[in-house]
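Enquirer: 3D model of this:
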Amino acid sequence: MANSNHQLHERDNTAKLGVKHCLEEFHNSMDCSNYDNTTAEMSSEAITLYGKGEYNLACKIFQQTMEDFGYRPNIGSILPYELSLRDVSTTGQESVTSYSYQRTEFDEGIHCFEDTEYINISDQKDIILATLLFNIGQTRRKMYDFEGAMDCYQRALQTISSVGFSAVCMLVTKTLHNIGKILYKKGRFEESIHVYNLAIEKLNPFAGANPVPLGMTLNCLGVLYYHKSQDDCEIGLKYFQEALKFQIRGLGEMHQLVGTTLNNIGRVFVQQKNFKGAIVCYQKALHIRRICLGDDSIDYAATAFNAAQSLHQEGQLDHALYLYRDFLRVAKVKLETNHRDIAVVLGGIAQIYQKQGKYKSALELYEESINVGRAALGENHFEVAMLLNRLGNFHFERENFDGAIEAYKSGLKIERLVLEPTHPNIIVTLGNIGEIYRESGDYHSAIQSYMEALQLQQDRYGLYHPDTASTYNVIGLAYDQMGDVDHALKNLGTALGLRRKVLGDHHLDVATTLTYLGRILYRKNFVSAAMDLFSEAFEIRKSKLGNDDGDIAFTLYNIGLCHQAQGNYRKAIECYAETLRIEKSVLGENHKDVAMTMYKLGEVYKAMDDFDKALDFFQKTLRIEREAIIEGRDHTSLVRVLVEIGNIHLTKGSLGPMMEAFGEASRILSSPEISSSALPISQRLYAFDIACPTAAPAA
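Expert: Numbering: from 1, shown residues only. I've put the predicted structure just below:
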């Protein structure tokens with residue numbers, strides 16, 4: 001025990017001294033006779049308490065050990081970083097980032113070096129003192145006294161600044177890691193990245209002999225870049241991949257840390273929409289974590305959760321469902337009943353049930369996921385809004401438009417409360433609401449919602465942005481559907497101009513807008529102008545998609561319509577025949593689009609007075625339409641084909657087949673579901689509209 005004459009000034013005075021001054025007084029006053037086993041014994045007792053989670057008591061013993069050792073620091077005072085840490089501030093506003101939700105239950109690999117350190121009485125006194133300061137910092141961090149912890153870590157680094165680094169390599173590394181960890185928890189990524197880069201500088205010379213600490217540090221940097229922003233995920237991936245090399249070199253392929261880094265790489269692949277790559281990483285991580293941790297581990301469950309989401313994206317629904325359920329098996333034991341991830345997984349299972357046609361079970365799970373999410377996160381949380389949007393999508397696909405609007409508007413209300421005014425989620429939800437109104441025929445409400453989304457897009461992205469162009473495009477469609485051709489042409493024209501400028505003349509979205517404009521011009525009988533637009537769309541799609549894509553088929557169909565309207569029957573037949581070839585290959589022999597194209601071929605041959613070929617195509621169409629009746633589709637198309645067949649037999653003088661065709665059509669027309677006014681017997685019975693893809697709902 002140092003005597004009172006040699007002690008440092010009392011706490012209030014110490015706070016006024018710089019770190020270097022305090023240490024100088026300590027070194028001058030140090031009595032080497034105190035350098036005995038008592039320090040190590042007291043420290044060991046505190047380490048035992050720390051391991052039991054008794055952090056407050058452990059902290060007091062560590063501090064008492066330091067006082068007995070002859071040093072009484074004013075722990076908790078805010079001091080500037082020394083050494084290379086001068087650029088890192090412990091005070092002031094935290095930096096603004098996209099980071100919003102830390103997954104503290106699951107291991108990202110950043111929570112390494114969590115333990116305290118034993119004292120070695122043969123070490124230099126500076127190393128012993130730095131170790132005690134580090135240990136106090138660990139207890140303060142565990143008690144969420146981050147400022148006090150940071151002060152201790154800084155003092156520890158300053159204390160050993162004059163010691164040869166090889167003697168204190170791991171103590172410095174662990175101290176830097178814990179400083180970086182606190183900055184990470186606060187969302188101060190740039191500062192945290194700076195600290196971890198310092199650790200890498202210190203570790204690089206020793207990586208050959210001990211590659212594991214460097215691998216752990218590289219992984220931490222990967223985590224920071226992963227969370228920092230989506231634009232930085234490629235940097236994060238490079239750090240993760242480099243970390244994996246060092247970890248495998250030092251630990252082998254079946255170590256827990258390797259599994260953690262593979263899981264992290266999978267998460268980056270998901271950000272990049274590379275779900276196949278993510279699945280490969282998750283499967284490896286899942287195997288390692290099952291072997292190392294057991295399949296009841298929460299980290300095994302976390303990887304099962306991640307893998308299930310990627311499998312879900314790739315359409316591997318059965319495997320995804322198995323892993324979702326495996327996650328729930330563990331999570332319901334390890335986590336609270338009302339936990340955010342349980343809500344998300346319930347929603348994922350509901351989506352699979354929806355795909356499988358199990359609508360009742362899907363709806364029950366959607367509602368349960370929302371209830372769990374509200375209990376876990378509160379009423380007004382952006383993830384609750386996400387769950388409500390999923391429910392809205394369910395109702396939209398079931399054509400329960402009122403239920404869909406209610407769910408989406410509930411989600412929108414939350415998003416507007418908790419997100420910035422121009423947040424992309426708000427824009428998407430407004431677009432979804434507009435799409436529902438459009439599908440339900442409420443075009444005025446649809447346009448109002450689209451216009452609101454458009455204003456937010458222009459505020460956030462400016463005029464010249466792909467999303468802004470897409471909204472102009474769908475506004476044009478809505479005006480077209482409500483019969484306002486002038487506004488439709490104006491908005492579609494704006495969309496076309498923006499898409500050409502932002503995406504280039506040869507982008508597929510340009511082809512889509514050209515098709516929509518061509519559709520309107522065709523209906524207005526500007527056939528030549530429509531033909532030019534369809535032809536340009538065809539060249540774009542052919543260059544991007546090849547000769548056998550479904551989009552090529554309907555573009556050729558539209559060109560065929562124009563040739564037919566102009567009386568160019570041979571060219572119309574060429575277009576329809578190629579359309580038919582592609583449709584049979586892509587859609588199958590009995591698809592309704594195949595029937596529609598064969599009907600048009602029959603119509604053209606009939607116009608050319610080639611009644612045998614016309615009759616052949618109409619009869620092939622009839623066979624498909626009869627199958628459609630069995631499947632429960634509308635009878636109207638069947639009646640139209642029968643009338644065309646009857647007309648041809650009438651022209652040929654084949655009265656028996658004529659009466660048979662007209663008789664069957666008459667029997668169908670007698671059904672109350674069919675309106676005979678739609679079926680005048682004439683030479684133009686079947687006026688197909690232009691095949692054009694509907695705007696894909698954002699829901």
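Enquirer: Same question for stretch 387-405: list its buried residues.
Expert: Within stretch 387-405, the residues that count as buried by 16 or more other CB atoms under 10 Å are 387-396, 400-401, 403-405. The way it works is simple: take the backbone N, C-alpha and C, and place the C-beta from them, glycine included.
Enquirer: got the end-to-end distance for that stretch?
Expert: 14 Å (CA to CA, to the nearest Å).
Enquirer: quick one on the thing from earlier: of the buried residues of stretch 387-405, closest to Phe269?
Expert: Arg390 (22.9 Å; CB to CB).
Enquirer: before we move on, which element is that closest one in?
Expert: For Arg390, the host element (DSSP states H and E) is helix 382-397.
Enquirer: Pick out the most distant pair among the buried residues of stretch 387-405.
Expert: Taking CB to CB as the measure, the buried residues of stretch 387-405 span a maximum distance of 19.5 Å, between Leu387 and Phe401.
Enquirer: how many other residues sit next to Asp115?
Expert: The tally of other residues near Asp115 (other CB atoms under 10 Å) stands at 12.
Enquirer: wait, what's in contact with it?
Expert: Going by CB atoms under 8 Å, 6 or more residues apart in numbering, Asp115 touches Tyr50, Gly51, Gln138.
Enquirer: Write the PyMOL selection for whichever of those are buried.
Expert: A single PyMOL command selects the buried members of the contacts of Asp115 (16+ other CB under 10 Å):
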select buried, resi 50+138
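Enquirer: Take the contacts of Asp115 and write them to TSV, including pLDDT.
Expert: Formatted as TSV, those follow (pLDDT from 0 to 100):
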residue	pLDDT
Tyr50	95
Gly51	95
Gln138	96
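Enquirer: tell me what the helix or strand hosting Lys413 is packed against?
Expert: Assigned by DSSP H and E, Lys413 belongs to helix 401-418. Secondary-structure packing of helix 401-418 (3 or more CB pairs under 8 Å, 6 or more residues apart in numbering; DSSP states H and E): helix 382-397, helix 424-439.
Enquirer: Distance to Glu644 and mean pLDDT added to the ones you listed, as JSON lines?
Expert: Below are the helices and strands packed on helix 401-418 laid out as JSON lines (distance: least, CB to CB, whole Å; pLDDT from 0 to 100):
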{"stretch": "helix 382-397", "distance to Glu644": "35", "mean pLDDT": "95"}
{"stretch": "helix 424-439", "distance to Glu644": "31", "mean pLDDT": "96"}
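Enquirer: Turn these into a markdown table, columns for distance to Thr39.
Expert: Formatted as a markdown table, the helices and strands packed on helix 401-418 follow (distance: least, CB to CB, whole Å):
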| stretch | distance to Thr39 |
| --- | --- |
| helix 382-397 | 50 |
| helix 424-439 | 56 |
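Enquirer: right, and those helices - which one's nearest Asp126?
Expert: helix 382-397 (48.8 Å).
Enquirer: so which of the helices and strands packed on helix 401-418 gets nearest Asp68?
Expert: Among the helices and strands packed on helix 401-418, if distance is taken as CB to CB, the winner is helix 382-397, at 50.6 Å.
Enquirer: quick one, that closest one and helix 424-439 angle?
Expert: 20 degrees (axes from the mean of the first three to the mean of the last three CA atoms, to 10 degrees).
Enquirer: Now do the most centrally placed residue in the chain against Ile582, distance only.
Expert: Centroid check for the chain by CA atoms, centre = their mean gives Gln271 as the closest residue, at 6.0 Å. The spacing between Gln271 and Ile582, counted by CB to CB, to the nearest Å, is 35 Å.
Enquirer: can you check Ile110 too?
Expert: Distance from Ile110 to Ile582, counting by CB to CB: 52 Å.
Enquirer: cool, Gly180 as well?
Expert: 57 Å.
Enquirer: and which of the buried residues of stretch 387-405 is nearest to Gln458?
Expert: Asn389 (23.0 Å).
Enquirer: wait, what's in contact with the closest residue to the closest one other than its chain neighbours?
Expert: Excluding its sequence neighbours, the residue lying closest to Asn389 (CB to CB, 6 or more residues apart in numbering) is Gly411, at 4.7 Å. Gly411 sits next to Val384, Ala385, Met386, Leu388, Asn389, Gly392, Thr429 when contact means CB under 8 Å, 6+ apart.
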